[in-house]
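[1] heads up, no residue letters with this:
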């Protein structure tokens, strides 16, 4: 199966989880620190789900490198937001050391997207 076909369902799942985390942070927990972690994680996850969707659409129009950004956004959001969610639910604080790795993946996705038009594959001339 073409891995690009996985992007759309994963974008949907990521957006769904982001809304769940934000809603739970707003209404389901009373601890202010847990609320902040869930809201921050949900915010970043939702933004990067939309960014991954946009990259997927751009890649379908011929800018193949944009697909790498989509994967970096989804993976980075999983790591960044996922560790924040786990911390909100009481995971050991040492897990917070993993969170910046997700942030680095998000930054790499944006950097890749920035340079990708300069490496556009050209279609062969007929």
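    Looks like it came in fine. Quick caveat: nothing in here was measured; it's all calculated off a predicted structure.

[2] just checking, residue 86 touches residue 93?
    No. Counting by C-beta atoms under 8 Å, residue 93 is not a contact partner of residue 86; they are 10.6 Å apart. Every residue, glycine included, has its C-beta placed from N, CA and C.

[3] buried residues, the host helix or strand of residue 57. List them.
    Take DSSP states H and E as the rule and residue 57 turns out to sit in helix 32-60. For helix 32-60, burial by neighbour count (16 or more other C-beta atoms under 10 Å) applies to 34-35, 37-46, 48-49, 51-56, 58-59.

[4] which other helices and strands does that helix contact?
    helix 4-27, helix 66-88, helix 99-115 (3 or more C-beta pairs under 8 Å, 6 or more residues apart in numbering; DSSP states H and E).

[5] the shortest one packs against which elements?
    Secondary structure elements in contact with helix 99-115, counted by 3+ C-beta pairs under 8 Å, 6+ apart, are helix 32-60, helix 66-88.
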